[in-house]
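Q: what's the 3D shape of this:
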Amino acid sequence: MRPRRPARTPRYIWQLPEWPNLTYDAAALAAPLAQVNRAQGQLMGRMAELGLAQREQATLQVLTQEVIKTSEIEGERLSLEVVRSSIARKLGLDIGALAPSDRHVDGVVDVVLDATRNFDQPLTADRLFGWHAALFPTGYSGHICITVAAWRLDASGPMEVVSGPVGREKVHFTAPPAETLSKQTEAFFEWFEAAPVGDALIKAGLAHLWLVTLHPFDDGNGRISRAVGDMALARAEGTSQRFYSFSAQIQHERKDYYDQLEAAQKGPLDVTPWLNWFLGCLLHAVQGAYATLAGVLDKAQFWQRWAGTPLNARQTLVLNRVLDGFEGKLTNAKWAALGKCSADTALRDINDLLARGVLLRLEGGGRSTGYELCTK
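A: Numbers count the residues shown, from 1 in each chain. Just a heads-up that it's a prediction; the model follows:
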């Protein structure tokens, strides 16, 4: 979907007299809330068993996915390696060779990191303006010059969200008039900074919907609203460490996401259906973290199993490289290349690990004999 200008204005929740007093049925949400809280507790407990380095790798993996997917929802594809390198630089993590920096990618990374790492800092207009400037460093969205680091002006008419080909557009939503944004965003910030009434996860869902409804910028509203939602989730969890990507799950459920937003913005101020969907999507994101972090968790489990086995530095180095996603079959020649040693030294390392049971010999023989890690 893309912003477009005018058309007729249907009745939206922001036009109702009681706006922005969003309501919900707490009893109806009790069960899904309990499921999410339980899943979050289990995930955090599992991650607490890992060492610091492994938690940092997990966070790097999840934040990389978050940056890529929040952009992909808007139809923009970013390079995995460039995003990963940008996050590693900003977090001071050593991941080996880094991809060249990209100003646009760095901007998206800055927004996601500020929202999650500095979740306890106040949310203000200036902070959102900084995020917006980071998303649009050139002042352009594609080939269109937009108002950056300021609320939209509606110079060409009301802000509408539409889809479809030119001439046959479907209007999904019309945002509040630009002249009301200063007062409306002030009310939002005051509510966001106040202590939550009820479960803090509910507040995250309300914040996401509220800011999307205001649609305060010419472009980037979805990404900024998701960042504010992630900030609220970090506050609810009380930690800046991210072990699941909500944007990745939203991307997976993209059609439902837009359908639920549209229905909520055209419905009454009782937004229980939206919150029910939000919690369900959040539950799927938390549960899906185990698949996303499988490599990190497998690596932790491997080293826990072999913690008492004496290994030399070269063996540790090569085994970690294999655990990080080594492609193809591990052979004597590849061990020598990874360990920067002679073929004879590589063979001694391998035979030692075979004797200890750390490595298993694959079927076949000769110079192409392959090996694999013993993970059971």
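
Q: show me what the lengthiest helix in the chain is packed up against.
A: Taking DSSP state H as the criterion, the chain has its longest helix at helix 26-48. Packing partners of helix 26-48 (3 or more C-beta pairs under 8 Å, 6 or more residues apart in numbering; DSSP states H and E): helix 200-214, helix 272-292. Bear in mind the C-beta positions are built from the backbone N, C-alpha and C, glycine included.

Q: got the contact list for the helix or strand just after the last one?
A: Yep, that's helix 272-292 we're talking about. The helix or strand immediately downstream of helix 272-292 is helix 294-305, counting by DSSP states H and E. Helix 294-305 is contacted by residues 46, 49-51, 54, 57-58, 61, 290, 319-320, 323-325, 373, 375 when judged by C-beta atoms under 8 Å, 6 or more residues apart in numbering.

Q: helix 294-305: which residues count as buried?
A: For helix 294-305, a neighbour-count test (16 or more other C-beta atoms under 10 Å) marks 296-297, 299-300, 302-303 as buried.

Q: so after that helix, what's the next helix or strand?
A: helix 313-323.

Q: residues contacting stretch 63-83, please?
A: Outside stretch 63-83, the residues touching it (C-beta under 8 Å, 6+ apart) are 84, 87, 99-102, 105, 108-109, 112-113, 116, 222-223, 226-227, 230, 242, 245-248, 250-251, 254, 257, 292.

Q: 6 Å instead, please
A: Here stretch 63-83 makes contact (C-beta atoms under 6 Å, 6 or more residues apart in numbering) with 84, 87, 99, 102, 105, 108-109, 112, 222-223, 226, 242, 245, 247-248, 251.

Q: Ala195 sits in which helix or strand?
A: Secondary structure (DSSP H and E) places Ala195 outside all helices and strands.

Q: run a quick neighbour tally on it.
A: Counted by other C-beta atoms under 10 Å, the residues lying close to Ala195 total 6.

Q: follow-up on the earlier one: pull out the buried members of the contacts of helix 294-305.
A: Using 16+ other C-beta under 10 Å, the buried ones in the contacts of helix 294-305 are 50, 54, 57-58, 61, 319, 323, 373.

Q: show me the residues you listed that map onto helices.
A: Filtering the buried ones among the contacts of helix 294-305 for helices - DSSP H - leaves 54, 57-58, 61, 319, 323.

Q: can you list the residues you listed in JSON lines and add pLDDT?
A: Formatted as JSON lines, these follow (pLDDT from 0 to 100):
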{"residue": "Gln54", "pLDDT": "81"}
{"residue": "Gln57", "pLDDT": "83"}
{"residue": "Ala58", "pLDDT": "87"}
{"residue": "Gln61", "pLDDT": "88"}
{"residue": "Leu319", "pLDDT": "87"}
{"residue": "Leu323", "pLDDT": "80"}
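
Q: can you put those residues in TSV and add distance to Leu347?
A: Putting those into TSV (distance: C-beta to C-beta, whole Å) gives the following:
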residue	distance to Leu347
Gln54	30
Gln57	30
Ala58	34
Gln61	34
Leu319	16
Leu323	21
